[in-house]
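In: Got a predicted structure here, sequence first:
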Amino acid sequence: MKPVRKKIGKSVRSASSVKASSAKKSAAPAKGNVSALWAGRFSAGMSPSMEKLSVSLHFDKKLYREDIEGSMAHAHGLHAAKVLTASERDRMVAGLKGILADIAAGKALFKPSDEDIHMAVERILTERVGDLGKKLHTGRSRNDQVATDFRLYVMRRAEALTGRVEELQGALLAKAKQYKADIMPGYTHVQQAQPILIAHYLLSFFFALERDKSRLRHAWWSAGEMPLGSGALAGSAFPYNRELVAERLGFPAVSRNSIDATAHRDFALEFLGALGCIGVLLSSYAEDFVIWSASEFGYVKLGEAYTSGSSMMPQKRNPDSMELIRGKAGRLLGAQARLFTVLKGLPHGYDRDLQEDKEPVFDAVETASTCLQVMAEAIESLTFDTKKILKRMQPALLATDLADVLVEKGVPFRDAHHIVGRLVGEAEKKGVSFLELPAESWKTVPDAAKVRKMLTYAFSVERRNIQGGTGSKSVAAQIREAEKILKRVG
Ligand code: ARG
């Protein structure tokens, strides 16, 4: 490999570093003015390759709001610690507010020489408020700063995603009400198993999402320990009011150990775990809708806006939304695996590896948010072809009911199972439904004629009004419970 002809400083470092790059011994580190805020002890600049490895502004600028709000709260903490006067605090907070507003308005304030969002904000502040800006980092390290920013980000996104989950739940509940009287085959092993109400199926999705919300809530709590005051690892030496800072930022608690606060990212793992569960859940319902929209089934139709055509085959309308959601689950699971791998075996306290904690989380948040939104809209657009569904239902769906009826007539369940099994087997051989077999075949069944008439899909469904079952009363109770849940929210 050719030795790197360094243009040290071209991208990140100072003008004098650029000069150093033209020196003959170009593989040697740059000399002279090193401009990074931490570079007091350095006489040489980073190599361009090292800069490329090190710089994180391009992604951690996503934390600008959390970083600036964290700094504003920190200024209040410093005032309480008598490091800042009230007027210094106010000037500092006003300066930070201005930066926040400017970045939010899309003003280009960042420079290539800013290593990360923390350095960028401090530089801009110092340019705007003068030497006062240099006091901001008192008693603080980027280690507790980044942990604070990231925890705050996770808390906020956990809340926002909970809102997205609730939108999906709203769509599912509305759809369940629309189809509360319609029957479909319920499946196990992708084989028709027992009749269910369509609403019952849709509500299975609703209640599973309720657990995703509690996982998000738990991740919020785990993230909710405020690190500022921890410094680099040992705690700030200033009498800093951590509770006040936590309260200003909306943290429910302060961290109890400064090494724990700066070195651990389990809250992010937990958050990614919750998003992974959402991804897996969405992917499996997506899979149902993919299969059911195939012409072989024809059970459902997605709104056109959630499908796309083929560039070659004019007749195609593919359920791309569902396939993409199914695919994105892999990405969500990968995010957690990626962070787990970064964290495994890290020594204590802060290590720079931890900079790798953010991108998987940022990506997972975007991915989960979009998937939830599309799923909610697609559910809204979904129609079930109830006539076709009924036509596709196989009478063998009623085999369990026949066995249950026999049990009610005093036949032990195993014997009943056997009797019905033989009927179904015989019917299969003859290519008819077991209900169509001649009376002769049914002679093992007591009251055969009456029982045969009884056996309808509605009969099967209505026998299951047990709490949580698919009977219409049970489904109505589920709908009421779902309504209560969403009312509590709204
Ligand atoms: N960009 C860094 C990160 O995301 C900030 C913390 C840097 N701390 C340090 N000691 N170098 O983790």
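Out: That came in fine, so what should we check first?
In: for this protein, what are the low-confidence residue spans?
Out: Counting by pLDDT under 70, the chain contains low-confidence ranges at 1-34, 490.
In: Near the ligand, which residues of it are found?
Out: Counting by Cβ under 6 Å from any ligand atom, the chain comes close to the ligand at 56, 60, 116, 142-143, 146, 350, 352, 354-355. Where C-beta positions appear, they are placed from N, C-alpha and C, glycine not excepted.
In: Grab the nearest non-local neighbour of the residue in the stretch 251-400 of the chain that the ligand sits nearest to.
Out: Residue of the stretch 251-400 of the chain nearest the ligand, by Cβ to the nearest ligand atom: Q355 (3.7 Å). Nearest residue to Q355, sequence neighbours excluded (Cβ to Cβ, 6 or more residues apart in numbering): S56, at 5.4 Å.
In: give me every residue that touches the one you found.
Out: 115-117, 355, 358 (Cβ atoms under 8 Å, 6 or more residues apart in numbering).
In: Over to E287?
Out: Counted by Cβ under 8 Å, 6+ apart, E287 has contacts 322, 326.
In: quick one: secondary structure of it?
Out: At E287, secondary structure determined by DSSP: H, G, I helix; E, B strand; the rest coil is helix.
In: i'd like the first residue to be 43 from this point on
Out: Let's use 43 as the start, then, which means that last one is E329.
In: gap between it and G387?
Out: 36 Å (Cβ to Cβ, to the nearest Å).
In: So for stretch 167-179, what gets flagged as buried?
Out: 167-168, 170-171, 174-175, 177-179 (16 or more other Cβ atoms under 10 Å).
In: Which of the residues in the host helix or strand of H459 are classified as buried?
Out: In this assignment (DSSP states H and E), H459 forms part of helix 455-472. Neighbour-count burial for helix 455-472 flags 458-459, 461-462, 465-466, 469 (criterion: 16+ other Cβ under 10 Å).
In: Stretch 487-495 too?
Out: Applying 16+ other Cβ under 10 Å to stretch 487-495 flags 487, 493-494 as buried.
In: which residues touch it?
Out: 444, 447-448, 451, 453, 461, 465, 477, 481, 484.
In: how about 7 Å then?
Out: 444, 447-448, 451, 461, 477, 481, 484 (Cβ atoms under 7 Å, 6 or more residues apart in numbering).
In: In strands, which of these fall?
Out: Among those, no member falls in strands (criterion: DSSP state E).
In: Please, a PyMOL command that selects the buried ones among those residues?
Out: Only the buried entries of the contacts of stretch 487-495 go into this PyMOL selection, using 16+ other Cβ under 10 Å:
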select buried, resi 444+447+448+461+477+484
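In: which one of the contacts of stretch 487-495 sits closest to the ligand?
Out: Set against the ligand, the nearest of the contacts of stretch 487-495 by Cβ to the nearest ligand atom is L444 (64.4 Å).
In: okay but that closest one is in contact with I461, surely?
Out: No - counting by Cβ atoms under 7 Å, L444 does not reach I461; the two are 8.3 Å apart.
In: export the residues of the chain next to the ligand to TSV and tack on secondary structure?
Out: Output for the residues of the chain next to the ligand, formatted as TSV (three-state DSSP):
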residue	secondary structure
S98	coil
D102	helix
D158	coil
R184	helix
N185	helix
V188	helix
Y392	coil
R394	helix
L396	helix
Q397	helix
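In: of these, buried ones?
Out: 98, 102, 158, 184-185, 188, 392, 396-397.
In: Can you tell me which residue is spatially central in this structure?
Out: L317 (2.9 Å; Cα atoms, centre = their mean).
In: ok so that one is a helix residue?
Out: Yes - counting by three-state DSSP, L317 is located in a helix.
In: which residues touch it?
Out: L317 sits next to 374, 406, 410 when contact means Cβ under 7 Å, 6+ apart.
In: What is the neighbour count of the second one?
Out: Spelled out, it's A406. Using other Cβ atoms under 10 Å, A406 has 29 other residues around it.
In: can you tell me the helix or strand for the residue nearest to it when sequence neighbours are not counted?
Out: Using Cβ to Cβ, 6+ apart and skipping the chain neighbours, the partner closest in space to A406 is A377 (4.1 Å). If you go by DSSP H and E, A377 is part of helix 362-385.
In: quick one: contacts of that helix?
Out: 307, 310-311, 314-315, 317-318, 321-322, 324-325, 328-329, 331-332, 344, 348-350, 395, 398-399, 402-403, 405-406, 409-410, 413, 416-417, 420.
In: Helix or strand next in line after that helix, which one?
Out: Following helix 362-385 in sequence order, the next helix or strand is helix 400-423 (DSSP H and E).
In: Could you give me the buried positions within that next one?
Out: 400-407, 409-411, 413-414, 416-423.
In: same deal with stretch 332-348?
Out: Neighbour-count burial for stretch 332-348, counted by 16+ other Cβ under 10 Å, picks out 332-335, 341-344, 348.
In: Tell me which of the residues you listed fall in helices.
Out: 332-335 (DSSP state H).
In: Switch those over to TSV, and while doing so, append distance to A202 to every line.
Out: Output for these, formatted as TSV (distance: Cβ to Cβ, whole Å):
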residue	distance to A202
V332	28
I333	32
W334	31
S335	30
